[in-house]
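**Q** Predicted coordinates and the sequence they were generated for:
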Amino acid sequence: MASKEPESHTGAGGEPHQTAKSAEGRLTTNQGVPVSDDQNTLTVGPRGPQLLEDHLLREKITHFDHERIPERVVHARGYGAHGYFQCYESHAELTKAAFLQDPSVKTPVFARFSTVAGSKGSPDTARDVRGFAVKFYTSQGNYDLVGNNIPVFFIQDAIKFPDLIHAVKPAPDRDFPQAQSAHDTFWDFVSLIPESMHMLMWVMSDRAIPRSLRMMEGFGIHTFRFINEEGEVTLVKFHWRPKLGTFSLVWDEAVVISGADPDFHRRDMWNAIEAGDYPEWELCVQAFTEEEAAKFDFDVLDPTKLIPEELVPLRPLGKMVLDRNVDNFFAETEQVAFCPSHVVPGIDFSNDPLLQGRLFSYLDTQLSRLGSPNFHQIPINQPKCPIANFQRDGHMQTFVPNGRVANEPNTLDNGAPRECPETGFASAPVPEAGDKMRTRPESFRDHYTQARMFYKSMLEVEQEHIAGGLAFELGKCKELKVRRRMLGHLKLIDEDLAENVATKLGMVGQADKIEPAAKVRDAKPSAPLSQYRVAPESIAGKKIAILTTEGVDAKLLKELREAVEAEEATVAVIAPAAGPFKDSSGQEVTPDDFLDGAPSALFDAVIVAPTDDADALLGKQAAAADWLRMANSHLKAIGYTAAAQPLLEAAGVDAEAKGVVAVDDGFEKFIGWAKQHRVWERA
Ligand code: HDD
């Protein structure tokens, strides 16, 4: 018999279950008993001892004592939102997956973005890989695409995952550093695992410090299989492309933001969704056959390799739009359980050894994290299609199955669920044979060619950032032998890179000699690997700050808002003090933030517009000059009014420099520069 959903359950993200509202405004205990006094404990006399009898106190405190659950062992810090996926057309020739058939169907999704290494309370802008996990609530069951914002991974075999994570997490004796790979254990480990070199290039690049969760790509990483109705199999790699383009912070900015707003990414996404500015991604696949894969000069089962888009172009499947914030962070974002093993008919796994290990790990971790094999009954995890099977009981069982039969086959209950050989999930019938062994395939041995390809595909400024990232991290690694080993690996990737990092570390000529397991080749650079080669000229989704004072020209402010909003970006007014002030027309302006609370690092481009007498701003000149100086050093477009000249001088900003423009006569030029994201020429 099908398990029956209790009627009070409304499914993932539906109306909250037990709220003050549903009790018609009455405060009740968990047993639904109305509470008369929630301010005072039960005591003997007004000053006497408390009574053990106080069930109201005990229930409340006991529940509070158990509010925390274990944080995720990795990806503990994350942020999620609801939305939908819609395919552009039927992809029936590739797959029979239900959510990829009908463009009129909106499949509900829940997406969670995360950092990997940091604890739940760590800052959003740490240098790290970002998790990119999407749960599709399809009509054929839940499909979880559990990816990252980087298309390759550190290791080739899941058996090394605990070592990798132990190496990157705080050292077990001293419990630091938090949310950082910049320490000895991490670099010692990766320098002994050359397969990590390609991923290290990505993690030291700007990709690891995204500007916004809305402005990063996502990747399924492994090769998967699509199966169509005819049983034909196509190999695929998944890509998510952000509508706003892929943009990053610069390192110094990320460091400042970590202190000024540790919630920078989640605040950005929450605000965007609340404002109706819905984040959007396009889901694409690289689709290819086994025969094509056999011709590539890398193995598609090796998760440290990507397929250049020049080799297999992206095929767009549909779009994901996130249009609803959660009602409750814990109930939804914290309790959501993603598992790569959650696939639907039409999608299947490959033999990628990292993927195969993941198929075990996620289901297993939910058992200890969420505490019960019934975690699928938590609303956020519940499929939005019927569940019907004979699994029974267990901790926190909330379904109430009826009938006396809980076994299959049976002849006692004709209504009981039965297998569906035609439409049910079936694995691709792939022939497999071989000896049992523990080994790495020959085809997994080249660890440097794609690392080199990635580095060579970067713009010069991106290459410099990689070198800067490496120097920063290796500088924090105090073991000289580890630095020497890493310099040896870098030499195999690119001599100039190795030289640059060695110079920054003061260790020129000290690289170890490393013998690569396979010959390192020159691969053709691939333009899409560079985020700034292919970046759209746009400020959509970005934030432009205007630093101004009492008496600001009302017309200027109005025109700025119009110009910026026409580009789908937002304006933040920053003033010397947090309280409201009057503009030139006498209208009250409430600043979005104030000088001491909002460093310019929080914004994408800035305008300084003090009033003519400029008393207020000049009175705070040191802070205002610092604010502007920082924007200049972060290579932002800077707009200024005539009255801002003294401030420009105080900040050492050259009014003639590229990307520094007067805005008294309009914002067109300023926005033109802001659309370039950064004025690299000024570096
Ligand atoms: Fe993992 C969480 C992504 C390798 C074991 N992983 C987790 C999350 C993401 C990824 C996005 C957070 C999901 C969420 O928001 O709840 N992991 C990846 C990617 C990998 C990868 C893209 C390589 C391609 N992971 C990987 C391996 C193992 C794990 C090889 C173990 C063998 N990952 C886990 C885990 C986590 C997890 C321990 C922690 C919390 C959770 O699963 O639900 O099981």
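**A** Everything's here; your move.

**Q** Could you chop this structure up by domain?
**A** Domain assignment for the chain by automatic domain parsing gives 78-183+211-381, 543-682.

**Q** Can you flag the weakest of the ones you listed by average pLDDT?
**A** Among the domains of the chain, domain 543-682 carries the lowest mean pLDDT, a mean of 93.

**Q** Contact partners for T641?
**A** Counting by Cβ atoms under 8 Å, 6 or more residues apart in numbering, T641 touches D553, L556, I607, V608, A609, P610, A662, V663, D664. Yep, even glycine has a C-beta here, placed from its N, CA and C like the rest.

**Q** between those residues, which is nearest the ligand?
**A** I607 (37.5 Å; Cβ to the nearest ligand atom).

**Q** Please, which helix or strand holds the closest one?
**A** Per DSSP states H and E: I607 is located in strand 605-609.

**Q** name the helices or strands packed onto that strand?
**A** The helices and strands touching strand 605-609, judged by 3 or more Cβ pairs under 8 Å, 6 or more residues apart in numbering; DSSP states H and E, are strand 543-548, helix 621-633, strand 638-640, helix 668-674.

**Q** Columns distance to V571 on top of the ones you listed, output as JSON lines?
**A** Listed next are these as JSON lines, based on distance: least, Cβ to Cβ, whole Å:
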{"stretch": "strand 543-548", "distance to V571": "5"}
{"stretch": "helix 621-633", "distance to V571": "15"}
{"stretch": "strand 638-640", "distance to V571": "12"}
{"stretch": "helix 668-674", "distance to V571": "12"}
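
**Q** Export the ones you listed as JSON lines, with columns for distance to the ligand.
**A** Listed next are the helices and strands packed on strand 605-609 as JSON lines, based on distance: least, Cβ to the nearest ligand atom, whole Å:
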{"stretch": "strand 543-548", "distance to the ligand": "26"}
{"stretch": "helix 621-633", "distance to the ligand": "32"}
{"stretch": "strand 638-640", "distance to the ligand": "37"}
{"stretch": "helix 668-674", "distance to the ligand": "32"}
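
**Q** What about the residue nearest to M396 when sequence neighbours are not counted? Give its phi and psi, please.
**A** When the adjacent residues along the chain are set aside, M396 lies closest to S372, with 4.7 Å between them (Cβ to Cβ, 6 or more residues apart in numbering). Taking degrees, to the nearest 10, you get phi -170, psi 150 for the backbone angles of S372.

**Q** Return the distance of S372 relative to T503.
**A** Note on S372: its distance to T503, by Cβ to Cβ, to the nearest Å, is 55 Å.

**Q** Of all the domains of the chain, which one comes closest to A428?
**A** Closest of the domains of the chain to A428 is domain 78-183+211-381, at 4.8 Å (criterion: Cβ to Cβ).

**Q** just how off-centre is that closest one within its chain?
**A** Chain-centre distance of domain 78-183+211-381: 8 Å, with Cα atoms, centre = their mean, to the nearest Å.

**Q** and it, is it in reach of the ligand?
**A** Yes. Domain 78-183+211-381 is in contact with the ligand by Cβ under 6 Å from any ligand atom, via 78, 112, 114, 131, 133, 146-148, 153, 158, 161, 221, 303, 336-338, 354, 357-358, 361-362, 365.

**Q** Spatially central residue in this protein, please.
**A** Compute the mean C-alpha point of the chain, and by Cα atoms, centre = their mean the closest residue is F113, 3.3 Å away.

**Q** bridging residues for that residue?
**A** Y79, F132 (DSSP bridges).

**Q** who touches it in this structure?
**A** By Cβ under 8 Å, 6+ apart, the neighbours of F113 are G78, Y79, G80, R130, G131, F132, A133, L213, M216, H265, M269.

**Q** Repeat the analysis, applying 10 Å as the threshold.
**A** With contact set as Cβ atoms under 10 Å, 6 or more residues apart in numbering, F113 has these partners: 75, 77-81, 124, 130-134, 148-149, 210, 212-214, 216, 218, 265-266, 269, 279, 322, 333.

**Q** Tell me where the stretch 151-300 of the chain has helices.
**A** Assignment of helices within the stretch 151-300 of the chain using DSSP state H, counting those that start in this stretch yields the ranges 161-168, 184-191, 197-203, 251-260, 264-274, 290-295.

**Q** ok, and which of these has the densest surroundings?
**A** Ranked by mean neighbour count, these are led by helix 197-203 with a mean of 26 (mean count of other Cβ atoms under 10 Å).

**Q** does that helix come close to the ligand?
**A** No. Applying Cβ under 6 Å from any ligand atom, one finds helix 197-203 out of contact with the ligand, separated by at least 9.6 Å.

**Q** from the chain's centre, how far out does that helix sit?
**A** Relative to the chain's own centre, helix 197-203 is displaced by 17 Å; criterion: Cα atoms, centre = their mean.

**Q** cool, stretch 638-646 as well?
**A** Put simply, stretch 638-646 sits 37 Å off its chain's centre (Cα atoms, centre = their mean).

**Q** Figure out the length between the terminal residues of it.
**A** Start to finish, the residues bounding stretch 638-646 are 15 Å apart (Cα to Cα, to the nearest Å).

**Q** follow-up on the earlier one: for the helices of the stretch 151-300 of the chain, give me CSV that also has distance to C385.
**A** Below are the helices of the stretch 151-300 of the chain laid out as CSV (distance: least, Cβ to Cβ, whole Å):
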stretch, distance to C385
helix 161-168, 32
helix 184-191, 43
helix 197-203, 37
helix 251-260, 41
helix 264-274, 26
helix 290-295, 32
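
**Q** Among the ones you listed, which comes closest to C477?
**A** When these are compared by Cβ to Cβ, helix 184-191 sits nearest C477, at 4.3 Å.

**Q** From what I see, S122 and T115 are in contact.
**A** Yes. The pair S122 and T115 passes the contact test of Cβ atoms under 10 Å, sitting 6.7 Å apart.

**Q** Could you find the closest non-adjacent residue to A171?
**A** That would be T185: by Cβ to Cβ, 6+ apart, it lies 5.6 Å from A171.

**Q** swap in P316?
**A** C284 (5.0 Å).

**Q** Kindly report the same for V606.
**A** In this structure, V606 finds its nearest non-sequential neighbour in A631, 4.5 Å apart by Cβ to Cβ, 6+ apart.

**Q** Now do the same contact list for that neighbour.
**A** 253, 545, 547, 599-601, 603-608, 637-638, 651, 653, 660.

**Q** who's in contact with the residue nearest to A171?
**A** So T185 contacts D163, H166, A167, V168, K169, P170, A171, P172, C477, E479, V482 (Cβ under 10 Å, 6+ apart).

**Q** What's the separation between T95 and R315?
**A** 12 Å.

**Q** no, scratch that, I was asking about E495
**A** 37 Å.

**Q** Need phi/psi at the residue lying closest to P170 once chain neighbours are set aside.
**A** In this structure, P170 finds its nearest non-sequential neighbour in F176, 5.1 Å apart by Cβ to Cβ, 6+ apart. For F176, the backbone dihedrals (degrees, to the nearest 10) come out as phi -150, psi 160.

**Q** Could you check how many residues crowd around F176?
**A** 9 (other Cβ atoms under 10 Å).

**Q** Then P46?
**A** Under the neighbour criterion other Cβ under 10 Å, P46 is assigned a count of 6.

**Q** Would you agree R68 is in contact with G121?
**A** No. The criterion here is Cβ under 10 Å, and R68 misses it with G121 at 11.7 Å.

**Q** Take the contacts of A631 and, keeping just the buried ones, write it as a ChimeraX select command.
**A** The command below creates a ChimeraX selection of those among the contacts of A631 that count as buried (16 or more other Cβ atoms under 10 Å):
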select :253,545,547,599,600,601,603,604,605,606,607,608,637,638,651,653,660
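
**Q** Distance check, whatever residue of the chain ends up closest to the ligand against D157.
**A** Minimum separation of the chain from the ligand (Cβ to the nearest ligand atom) falls at G131, amounting to 2.6 Å. G131 sits 20 Å away from D157, going by Cβ to Cβ.

**Q** coming back round to it: and S122 and T115? which has more neighbours close in?
**A** Remark: of S122 and T115, T115 carries more neighbours, 25 against 18, as counted by other Cβ under 10 Å.
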